[in-house]
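Trainee: A structural model of the following input is requested.
(2 chains)
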Amino acid sequence: MTHSTEIEPLYGLMAEFDTPEALTAATEKAVAAGFKKLDAYSPFPIEEVIHALGLERNSLPLRVLIGGITGCLTGFAMQYYASVIDYPYVYGGKPLNSWPAFIPVCFELTILFAALTAVFGMISMNGLPKPYHPVFNVERFAQFASRDKFFLCIESQDPLFDEVKTKAFLGTLKPSGIFEVEP
Amino acid sequence: MATTPDPKNAVKPVTYIDTSAHTYAGISDKITDMVLKRPIGKGWLTGLGIGSAGLSLLICAIMLVLIKGVGVWGINQPVGWGFDIINFVWWIGIGHAGTLISAILLLLKQQWRTSINRFAEAMTIFAVICAGLFPILHLGRHAIFYWLFPYPNTFGLWPQFRSPLLWDVFAVSTYATVSLLFWYVGLIPDLATMRDRAQKKFAKVAYGVFALGWRGSAQHWARYETAYLLLAGLATPLVLSVHTIVGLDFAVSVIPGWHATIFPPYFVAGAIFAGFAMVITLAVPLRHFYGMHDFITMKHFDNMAKVILATGLMVSYGYFMESFFAWYSANTYERFMIWNRMTGPYALFYWALLLCNFLAPQLFWFKKCRTNLLVLFVVSQFVNVGMWLERFIIIVTSLHRDYLPSSWNMYWGTFWDWATFIGTMGLFVTLFLLFIRVLPAISMFEMQMLLKQTRDREKAAGGKH
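Mentor: Okay, the predicted model is just below:
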């Protein structure tokens, strides 16, 4: 629900914490309170926070597996086509499809495709590169989120979001500061 | 019931960071300040001067090779592989320690990797750049180097997929790509920190572009950690495959001294051996000049020295097995080859190699030596030289006296061979100095993670009593 003010609705409300333990506790409470659209920000990955948000599993490993298999098949197909179909040339008395000799290239392409999938998959699934994001409008966030402060943001998209009530809720988590995140 | 722990049985857990002396902010500030606040010093400038002198020499040497051809080098019949291949194998081997530290030690949950992985990965990339130059220059017809790659062409020709030299093309280019990606992925969160800490507009934008708008979201961290772990899992077999294939370049041929099944594993051990020596070579001055004593501790050096000792023994096993196989095979040419190595015109090099790679690392049996920076540095130099000699011995002594005595000849590097080799060292030094000047040389977010994990562990241990 938007309030009487005519300005654009907020991106969300953000609370600042001093320790990873405080952020973990706050995240757990916010999830228990039923918030769905929330995110925790920290200078380094915190296992407990990832656990609290239920983010342990993602589809990246499956994508990497598919990438690796594609690489292997590409490698074999390329070598088979080159050595058997397009340019059949008997060399060293070996059969045209001398598959044991094709293993190294298949292996390297498996790794190459899988690694490319892992990196670009992670970047694209994370929605990066992102030149602009509202969280950086919070001065404290822009300065300290990558250094030693920990932030929890409840987004206005959340069905339970209400500027006054959510702010009061964040206040109960004993943060060292609460900020409105301009869109 | 309260019991006093028996001091004999109490095992003090090894920690790689002092939890009472560090804070999250402290780690972050110390590492960013090395780049953002520290003025350009005389030492750094001198180093860069030396590095760029070497780089200039390299450029001259490359120009000459491009203009006049590989005839300016000492290679000829019967020694067609000389400094180019020696240096290629030497550099690529050095690179492997970086991958070992960043990937294999991550999978083995070795916490001591954390403060040394970033610059070791940088070392890998720079070493691969140096290594990659040599085979390309050795091609002779440099303008058509792309014939190495399978691409659709009007000749209707394909590269020879059954040749280890082609496998090398795939292995080394994949290795370079994956090492670069691994390094960059590790850098993204730290680049975001640099972006947030930088004061100057240009620095802010430059770091910001490469940080991709990283904001430390838990959603991102979750996928990031998955990707990082998967990359480590992929880089581990990759690094083993790369040096295995380099070993196969030799082992698949029928030259006595090359045609040995032990080559792939013995090359991999040699690569790790050489790489750790280079990590120590870089870590000792880096730690000294940048005051990183609390990040790179003596325990790190102790562990690295143990790795050098272990891989040194594996390499030595390789040397003894080579001799044993030559004798046990009862093959005239094999026996001649090993006898020629030990007593022929290059015998001095062979015995120097054993001194460097077998005898010198034996000092690391003693804790006093493993924790003495001078000994560590000197032994590392022995290993660096020894591993170069190893490749010289393998390549040159196997080729210079082959089956036909009438074609025997000696091989020595010419001035331009040395210029190219020393030039790549200049390139390496230049790149490394630029790296520590513009990028965080220690992974900040991983150090902070280490601090949190160590604190958690200490809290858990403290809670039990």
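Trainee: Chain A: strands as residue ranges?
Mentor: With strands called from DSSP state E, chain A shows them at A:12-17, A:38-41, A:150-155, A:177-181.
Trainee: how about those, which one is nearest chain B?
Mentor: The closest of the strands of chain A to chain B is strand A:38-41. By C-beta to the nearest C-beta, the value is 4.2 Å. In this view, the C-beta of every residue, glycine as well, is placed from N, C-alpha and C.
Trainee: Centre of the chain to that closest one, how far?
Mentor: Strand A:38-41 has its C-alpha centroid displaced from the chain centroid by 12 Å (C-alpha atoms, centre = their mean, to the nearest Å).
Trainee: right, and A:Glu108 touches B:Phe170 too?
Mentor: Yes. Look at A:Glu108 against B:Phe170 with C-beta atoms under 8 Å: they come within range, at 4.2 Å.
Trainee: Least confident of the strands of chain A, on average?
Mentor: Mean pLDDT is lowest for strand A:177-181 out of the strands of chain A, coming in at a mean of 87.
Trainee: Now A:Trp99: closest residue in space that isn't a chain neighbour?
Mentor: A:Phe76 (7.7 Å; C-beta to C-beta, 6 or more residues apart in numbering or on different chains).
Trainee: I'd assumed A:Glu108 was in contact with the one you found.
Mentor: No. Look at A:Phe76 against A:Glu108 with C-beta under 8 Å: they stay out of range, at 12.0 Å.
Trainee: Who has more neighbours out of these two?
Mentor: More crowded of A:Phe76 and A:Glu108, by other C-beta atoms under 10 Å in any protein chain shown: A:Glu108, with 27 against 18.
Trainee: Could I get the contacting residues of the more buried one?
Mentor: Applying C-beta atoms under 8 Å, 6 or more residues apart in numbering or on different chains to A:Glu108 gives the contacts A:75, B:167, B:170-171, B:174, B:238, B:241.
Trainee: Now which of those residues would you call buried?
Mentor: A:75, B:167, B:170-171, B:174, B:238, B:241 (16 or more other C-beta atoms under 10 Å in any protein chain shown).
Trainee: So which of those sit within helices?
Mentor: Among the buried ones among the contacts of A:Glu108, the members found in helices (DSSP state H) are A:75, B:167, B:170-171, B:174, B:238, B:241.
Trainee: Centre-most residue in chain A?
Mentor: In chain A, the centroid-proximal residue (C-alpha atoms, centre = their mean) is A:Asn126; its distance is 4.0 Å.
Trainee: which of the ones in helices among the buried ones among the contacts of A:Glu108 sit farthest apart?
Mentor: A:Gly75 and B:Leu238 (14.0 Å; C-beta to C-beta).
Trainee: quick one: low-confidence parts of chain A?
Mentor: Scanning chain A for pLDDT under 70 picks out A:1-7.
Trainee: Domains in it, by residue range?
Mentor: Domain ranges of chain A: A:12-57+A:148-181, A:60-125, per automatic domain parsing.
Trainee: Redo those as JSON lines? Include distance to B:Ile62.
Mentor: Converted to JSON lines, the domains of chain A look like this (distance: least, C-beta to C-beta, whole Å):
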{"stretch": "domain A:12-57+A:148-181", "distance to B:Ile62": "43"}
{"stretch": "domain A:60-125", "distance to B:Ile62": "27"}
